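Asks: the following comprises the amino acid sequence and a computationally predicted model.
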Amino acid sequence: MNIPVYNMSGEVVRNIDVSDAVFAQSVNEGLVHQALVAGRANARQGTQDTKTRSEVSGSTKKLYRQKGSGRARPGSAKSATRRGGGVIFGPHPRDFSVSLPKKMRRAAIRSVLSAKLAEQELMILDELKFDAPKTNEMAKMMKALKVETTAIVALPEFDENVVKSTRNLQGIKTMPARLLNVVDMLAYDKLLLTEAALRQIEELWGGAA
């Protein structure tokens, strides 16, 4: 498949061939949904915790006598019905992670990349470099490329100047190309790749595995 490459001014400088094994796959919506659910579940920490009446600090002494007061039968101050007492059926630490086989995860990523390209939401840049952090220059580039909503800028490796130029732009996220995932790609409208990042992606996910 042949697609255009843009410079930072939004001009087409040349066309390049991309791997059909990565960018020309049929979209498996069911598989993409599975990957999305797994990705969001795996992001959950599961560290919330509440104390039961056995864990709350306090005395277990009966608050007042059982009979004769005209009031409800008392328990201790640690009773869940009292202020400062334990919590009934509250959350406790648990593992929310969902296992997704490697082949399925890679196939889901290829499906999303293919959909992005088919819907003209994927753009290739010949390079992306700044001599120093320049948010204004990054904003100008986004405008030239007609990125009007949200976008991921995927880089072959960490570039401090690019990251700092992007972080104050609302709706724009930078990340290494090797860490692209279904959750992020579905959450952002556009995907911008440098040519080097593109080749890295083809190498990572272009195989059969």
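Replies: Yep, that arrived.
Asks: ok, residue 125 - contacts?
Replies: If a contact means C-beta atoms under 8 Å, 6 or more residues apart in numbering, then residue 125 has 5-8, 192-195 as its contacts. For glycine as for every other residue, the C-beta is placed from the backbone atoms N, C-alpha and C.
Asks: confidence score at residue 208?
Replies: We note a pLDDT of 57 for residue 208 in this prediction.
Asks: and residue 1, by the same measure?
Replies: 82.
Asks: residues touching it, list them.
Replies: Going by C-beta under 8 Å, 6+ apart, residue 1 touches 17-18, 20, 23-24, 117.
Asks: which one of the contacts of residue 125 sits closest to residue 181?
Replies: residue 193 (14.5 Å; C-beta to C-beta).
Asks: strands - which of the contacts of residue 125 land there?
Replies: Residues of these located in strands (DSSP state E): 5-6, 192-194.
Asks: if you rank the residues you listed by neighbours, which is first?
Replies: Sorting these by how many neighbours each has (other C-beta atoms under 10 Å) puts residue 193 first, at 26 neighbours.
Asks: residue 147 reaches residue 173, doesn't it?
Replies: No: with contact defined as C-beta atoms under 8 Å, residue 147 does not count as touching residue 173 (12.0 Å).
Asks: who's more crowded, those two?
Replies: Ranked by neighbour count (other C-beta under 10 Å), residue 147 and residue 173 place residue 147 first, with 21 against 16.
Asks: which helix or which strand is home to that one?
Replies: Following DSSP states H and E, one finds residue 147 outside all helices and strands.
Asks: check it and give its pLDDT.
Replies: At residue 147, pLDDT is 93.
Asks: three-state assignment of the most centrally placed residue in the chain?
Replies: Residue closest to the mean C-alpha point of the chain, counted by C-alpha atoms, centre = their mean, is residue 184 at 4.2 Å. Secondary structure, DSSP: H, G, I helix; E, B strand; the rest coil: residue 184 is helix.
Asks: now it. Nearest residue, chain neighbours left out?
Replies: residue 152 (6.1 Å; C-beta to C-beta, 6 or more residues apart in numbering).
Asks: quick one: the one you found and residue 188 touch, right?
Replies: Yes: with contact defined as C-beta under 8 Å, residue 152 counts as touching residue 188 (4.7 Å).
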